[in-house]
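*Asks:* can you look at this prediction? I've put the sequence above it.
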Amino acid sequence: MVKVNPFEDTLGRLKALAKYCKEEGVRFRPEDLDVLSSPKRTLIVNFPVKFKDGSVRIINGYRVQYNDARGPTKGGLRFHPQVDIDEVKALALWMALKTAVVDIPYGGAKGGITINPKETSAEDLEKVSREFIRQIHDFVGPDKDIPAPDVYTNPQVMAWMLDEFEKIKGVKAPGMITGKPLELGGSLGRDIATSLGGAYVLKEVADVYDIGMGASVAIQGFGNAGMNFAKIVSKWGYKVVAVSDSKGGVYDADGFDVAALVAAKEKTGSVVGIGKGRKVSNEELLLLDVDVLVPAALENQVTKENASKVRAKVVLELANGPVTHDADQVLHKNDVVVVPDILANAGGVTVSYFEWVQNLQGYYWSEEEVFARLEKKMVSAFREIHELVKRLDIDHRTAAYIIAINRIIDAEKKRGNLNQKESM
Ligand code: GLU
């Protein structure tokens, strides 16, 4: 498998934008892109934690605050054995673009801890979570940088982190983290927001590209995002024909009963436990003949090695970074529509924003209100991107990047952070 550095790959994407700078409506110059070529702040911490078996381990943690021109930085924290600084930098840059695409008043950040949560007890994860906050508490806060869940972190982890932060500061500050349990100021609808936001976008894409109800969907990854997406779209009439998790996948052209997949995952630890359909590997799932492919796991799944073999009409990136820059060109040439991560999975951070607004107001909304506002944001972001796709005859990622960078650069300019030759 080709090894792609996600941060270098994204810098390549930014460089490729320079050729659109002369187009009408593109408000940045090639030299303005320099401001996005490295993060504004990078925090690396290495701290000892005494585990319950008596051993002391040194834990590595990261928090990258990539760009804060549009507001406090925002983005999740992941627990994963392969987390490294280049991955976190890429994820933080994508967050800055994502918050700009859906036009919420944030910059972008991301964090991670190099740990395998599947091999760590809840007690030890709590210690690690709390110690991480002791390490970074001066760098985060409701008006500075606001973490949230990501791969293998959840509302319980957010609760431990909030509790530790509030103890250190001696105040209640629910807006310092989002994706919290409802009891601590979480928002209704946040748990399924990433998936629902992606589903709203899929509905728009299906309209534009004539993908009918009953279309087939393959989903790679059955965590929070993939599982809830399967539940939502199957209820809407799509046919979920393939799913996978880290242990493998299953395919059945007639479609699966999603409730049975959820039950199998709970009972046996994997969707494969459903005992129905044909077994497929995670790699095979990407190449199935389906209408919609939804990578909902990790980065670098569709690369230049397998892109030409993708048969889906639409690739909806519920994961961050599943398709590389090289692969994008191949898919575009083959008329595969890629709905980029910074739009497709922006429902999560959008409802995180609603959660933070509710925390600051101390006034909480109904689930109906959250979903109505989410739908409005997702639909208008898609339509704006799609307009630009048609006008410049470009792919959706390029259009989304242009719109996001326009907004970030406008903010940088107003702050006086960029060289400006033109008069005001
Ligand atoms: N981790 C999610 C993402 O990648 C959510 C971030 C947030 O809610 O701040 O978009």
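*Replies:* Received, thanks. Numbers count the residues shown, from 1 in each chain.
*Asks:* report the contact partners of the closest residue to the ligand within the stretch 1-150 of the chain.
*Replies:* Among the residues of the stretch 1-150 of the chain, residue 76 lies closest to the ligand, at 2.7 Å counting by C-beta to the nearest ligand atom. C-betas here are computed from N, CA, C, even on glycine. Residue 76 sits next to 91, 95, 110-111, 147-151, 153, 179, 348 when contact means C-beta atoms under 8 Å, 6 or more residues apart in numbering.
*Asks:* let me see the contact set for the nearest residue to it once chain neighbours are set aside.
*Replies:* Of all residues beyond its chain neighbours, the one nearest residue 76 is residue 150 (2.9 Å), with distances taken as C-beta to C-beta, 6 or more residues apart in numbering. Applying C-beta under 8 Å, 6+ apart, we find residue 150 in contact with 75-78, 91, 110, 112.
*Asks:* any idea how far residue 150 is from residue 236?
*Replies:* Going from residue 150 to residue 236 by C-beta to C-beta, to the nearest Å gives 26 Å.
*Asks:* how far out from the middle of the chain is the longest helix belonging to the chain?
*Replies:* In the chain, taking DSSP state H as the definition, the longest helix is helix 367-392. Chain-centre distance of helix 367-392: 16 Å, with C-alpha atoms, centre = their mean, to the nearest Å.
*Asks:* so which elements touch that helix?
*Replies:* Contacts defined by 3 or more C-beta pairs under 8 Å, 6 or more residues apart in numbering; DSSP states H and E place helix 367-392 against helix 193-208, helix 341-344, helix 347-361, helix 396-414.
*Asks:* what parts of this protein come near the ligand?
*Replies:* 74-76, 148, 150, 178-179, 320, 345, 348-349, 352 (C-beta under 6 Å from any ligand atom).
*Asks:* low-confidence regions, the stretch 1-150 of the chain specifically.
*Replies:* 1-2 (pLDDT under 70).
*Asks:* tell me where it has helices.
*Replies:* 6-16, 85-101, 122-136 (DSSP state H, counting those that start in this stretch).
*Asks:* next one: the first one to chain centre, how far?
*Replies:* Its chain's average C-alpha position is 17 Å from that of helix 6-16, according to C-alpha atoms, centre = their mean.
*Asks:* that one vs helix 85-101, what angle?
*Replies:* 50 degrees (axes from the mean of the first three to the mean of the last three C-alpha atoms, to 10 degrees).
*Asks:* name the residues of helix 6-16 that are buried.
*Replies:* 6-7, 9-11, 13-14 (16 or more other C-beta atoms under 10 Å).
*Asks:* could you tell me the angle between it and helix 396-414?
*Replies:* Using the same axes, to 10 degrees: helix 6-16 against helix 396-414 is 80 degrees.
*Asks:* circling back: highest neighbour count among the residues of the chain next to the ligand?
*Replies:* residue 75 (33 neighbours; other C-beta atoms under 10 Å).
*Asks:* and it, how far is that from residue 155?
*Replies:* Taking C-beta to C-beta, one finds residue 75 at 17 Å from residue 155.
*Asks:* nearest to residue 327 among the buried residues of helix 6-16?
*Replies:* Within those, the smallest distance to residue 327 is 9.8 Å, found for residue 9 (C-beta to C-beta).
*Asks:* so that closest one is in contact with residue 325, correct?
*Replies:* Yes - at 5.0 Å, residue 9 counts as touching residue 325 under the criterion of C-beta atoms under 8 Å.
*Asks:* assess the claim that residue 157 and residue 125 are in contact.
*Replies:* Yes - between residue 157 and residue 125 there is a contact at 7.0 Å, judged by C-beta under 8 Å.
*Asks:* identify the contacts common to the two.
*Replies:* With C-beta under 8 Å, 6+ apart as the test, residue 157 and residue 125 both reach residue 79.
*Asks:* looking at the two, which is more packed in?
*Replies:* Legend: neighbour count by other C-beta under 10 Å for residue 157 and residue 125, higher for residue 157 (26 against 20).
*Asks:* the helix or strand encompassing that one packs against which elements?
*Replies:* Counting by DSSP states H and E, the element that carries residue 157 is helix 155-169. Judged by 3+ C-beta pairs under 8 Å, 6+ apart, the packing partners of helix 155-169 are strand 77-80, helix 122-136.
*Asks:* who does the longest one touch, helix- and strand-wise?
*Replies:* I take that to be helix 122-136. Counting contacts by 3+ C-beta pairs under 8 Å, 6+ apart, helix 122-136 is packed against strand 41-50, strand 56-67, strand 108-114, helix 155-169.
*Asks:* next up, the contacts around the nearest residue to residue 418 once chain neighbours are set aside.
*Replies:* By the measure of C-beta to C-beta, 6+ apart, the closest residue to residue 418 outside its immediate chain neighbours is residue 412, 5.2 Å from it. Counting by C-beta under 8 Å, 6+ apart, residue 412 touches 32, 35, 69, 418.
*Asks:* cutoff 6 Å now
*Replies:* Residue 412 makes contact with 35, 69, 418 under the criterion C-beta atoms under 6 Å, 6 or more residues apart in numbering.
*Asks:* and the pLDDT at it?
*Replies:* Per-residue confidence for residue 412 comes out at a pLDDT of 97.
*Asks:* quick check: the gap between it and residue 84.
*Replies:* Distance from residue 412 to residue 84, by C-beta to C-beta: 28 Å.
*Asks:* what of residue 230?
*Replies:* Residue 230 sits 30 Å away from residue 84, going by C-beta to C-beta.
*Asks:* the two: who's more crowded?
*Replies:* Applying other C-beta under 10 Å to residue 230 and residue 84 shows that residue 230 carries more neighbours, namely 25 against 15.
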